[in-house]
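Q: Sharing a sequence plus its predicted fold:
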Amino acid sequence: METVRLGPLEVPRVWTGLWQLSSSAWGSAPLSQIRRAMKRYFEEGYTTFDMADHYGSSEIIFGQFRLSVSDPTRVIGATKWCVFKRMKPTREVVEAAVRERLHRMQTQSVDILQFHWQDYNDKGYLSALFELDRLRQEGLIAAIGLCNFDSRRTDEICSRLGPGAIVSNQVQFSLIDSRPLHGMSDVCARHNVRLLTYGTVCGGFLSDQWLGRPEPDAYASSLTPSQRKYLDMIVKAWGDWNLFQELLKKLRDIGDRHGGISVTNVATRWVLDHACVGAVIIGARLGLSDHADDNHKVFGWRLTVEDRATIQSILSQSNAQKMIRTIGDCGSEYR
């Protein structure tokens with residue numbers, strides 16, 4: 001498994017996302033099955049789990065799991081503190097938010113705390129981050145990341161806080177949504193920040209499962225909330241279902257050239273091969289489905305010049321270049 005350094009931490013380049021624990025809409029499994037699934041992922045080398053303060057009981061389940069393994073220091077937790085409403089980020093308020101993460105995760109220090117601030121018009125995000133950086137220096141946080149910040153604010157934050165204060169920014173990035181290549185990648189290079197990407201497999205649409213299938217009904221009960229979101233992006237923002245099918249065919253051809261690896265592996269490798277990307281976060285329906293073995297096939301090979309040209313031949317027919325204007329920069333879809 002490939003790894004990447006984020007501040008003081010060495011982490012794998014594929015993380016397990018726990019956002020499905022925020023709602024039963026993704027399906028639910030008994031807690032015992034969820035714990036067994038987490039153990040399997042951990043034993044397969046997927047030692048980093050991504051969660052948030054608003055992902056249901058994800059932090060609590062993670063904390064209980066980490067204490068159950070023989071060496072808890074090998075399990076890395078990346079959580080979030082998300083501010084959606086106006087508030088004054090005093091030292092007391094910020095520390096209380098961090099200590100709540102510590103309590104729920106049953107740890108003395110948050111490995112990676114990713115910060116989201118909803119309202120850019122309120123410059124309180126800078127004050128909050130200065131306080132978080134003080135807590136990092138005091139040992140309550142090992143590394144600070146951002147979540148869904150755009151290029152302009154990421155550059156501003158990294159410039160104000162100084163080198164090494166911010167290690168990452170979690171944003172959407174895939175073959176369908178390549179907005180991070182329009183500005184964000186340059187910011188990452190300038191400040192030595194790595195992207196942690198979600199939506200990389202578009203809720204499972206970038207897979208062999210959807211090759212040759214008709215466009216689904218957006219309101220079909222069989223679709224997950226993620227799939228409804230990414231279907232809308234595929235057929236309204238990026239292109240249409242027919243062009244998406246052409247992309248899947250090309251990815252299948254590339255997978256065959258590399259020994260029969262999956263469409264999902266090819267799509268994930270395309271994202272990982274960008275220098276600005278640290279790791280991809282693949283959501284896991286713990287206890288319901290298991291892709292640990294297939295995810296390992298992302299490693300040990302690289303896309304060739306021919307592979308990239310094949311992919312680009314489809315992307316050039318899409319609206320990929322326009323999405324930075326039609327949707328906005330990274331994270332704009334949430335504001």
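A: On my side now, so go ahead.
Q: Below-threshold pLDDT in the stretch 151-300 of the chain: ranges please.
A: 285-291 (pLDDT under 70).
Q: any idea where the strands of it begin and end?
A: Using DSSP state E, counting those that start in this stretch, the strands of the stretch 151-300 of the chain run over 166-172, 194-198, 277-283.
Q: residue contacts, Val11?
A: For Val11, the contact set (CB atoms under 8 Å, 6 or more residues apart in numbering) comprises Thr3, Val4, Arg5, Thr47, Thr48, Ile76, Gly278, Ala279. In this view, the C-beta of every residue, glycine as well, is placed from N, C-alpha and C.
Q: cutoff 10 Å now
A: 3-5, 47-48, 76, 78, 111-112, 143, 168, 194, 196, 278-279 (CB atoms under 10 Å, 6 or more residues apart in numbering).
Q: Repeat that for Met233.
A: By CB under 10 Å, 6+ apart, the contact list for Met233 reads Gln172, Ser174, Ile176, Asp177, Gly199, Cys202, Gly203, Phe205, Gly239, Met323, Ile327, Glu333.
Q: leaving aside the residues next to it on the chain, what's closest to the last one?
A: Right, Glu333. Ile327 (5.7 Å; CB to CB, 6 or more residues apart in numbering).
Q: quick one, helices of the stretch 51-200 of the chain?
A: 58-68, 91-105, 124-137, 151-161, 184-191 (DSSP state H, counting those that start in this stretch).
Q: buried ones in the second one?
A: Applying a neighbour-count criterion of 16 or more other CB atoms under 10 Å, one finds Val94, Glu95, Ala97, Val98, Arg101, Leu102, Arg104, Met105 buried in helix 91-105.
Q: How about stretch 227-242?
A: Along stretch 227-242, these residues count as buried under the neighbour rule (16+ other CB under 10 Å): Gln227, Arg228, Lys229, Tyr230, Leu231, Met233, Ile234, Val235, Ala237, Trp238, Gly239.
Q: Tell me how many other residues crowd Gln114.
A: Residues near Gln114, counting by other CB atoms under 10 Å, number 26.
Q: That one contacts Leu129, doesn't it?
A: No: Gln114 lies out of contact with Leu129 (CB atoms under 10 Å); the separation is 11.4 Å.
Q: Please enumerate the shared neighbours of the two.
A: With CB under 10 Å, 6+ apart as the test, Gln114 and Leu129 both reach Ile144, Leu146, Ile166.
Q: tell me the contacts of the first one?
A: Listed by CB under 10 Å, 6+ apart, the contact partners of Ile144 are 6-7, 110, 112-115, 129, 132-133, 135-136, 157, 161, 164-168.
Q: Would you mind listing which of the residues you listed are buried?
A: Applying 16+ other CB under 10 Å to those flags 6-7, 110, 112-115, 129, 132-133, 135-136, 157, 161, 164-168 as buried.
Q: Can you tell me, leaving aside adjacent residues, what's nearest to Cys158?
A: Distance criterion CB to CB, 6+ apart; nearest residue to Cys158, sequence neighbours excluded, is His191 at 3.8 Å.
Q: Wait, that neighbour touches Phe149, no?
A: No: the pair His191 / Phe149 is not scored as a contact, 12.0 Å apart, by CB under 10 Å.
Q: Can you tell me the centre-most residue of this protein?
A: Centrality entry for the chain: nearest residue to the mean C-alpha point is Tyr198, 3.0 Å, by CA atoms, centre = their mean.
Q: CA atoms of stretch 35-42 as PDB?
A: Output of stretch 35-42 as PDB, limited to C-alpha atoms (Å, rounded to 0.1, in the frame of the first residue of the first chain):
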ATOM      1  CA  ARG A  35     -16.900  -3.500  14.200                       C
ATOM      2  CA  ARG A  36     -16.000  -6.700  12.400                       C
ATOM      3  CA  ALA A  37     -15.900  -4.800   9.100                       C
ATOM      4  CA  MET A  38     -13.600  -2.100  10.600                       C
ATOM      5  CA  LYS A  39     -11.300  -4.800  11.900                       C
ATOM      6  CA  ARG A  40     -11.100  -6.300   8.500                       C
ATOM      7  CA  TYR A  41     -10.300  -3.000   6.800                       C
ATOM      8  CA  PHE A  42      -7.700  -2.300   9.500                       C
END
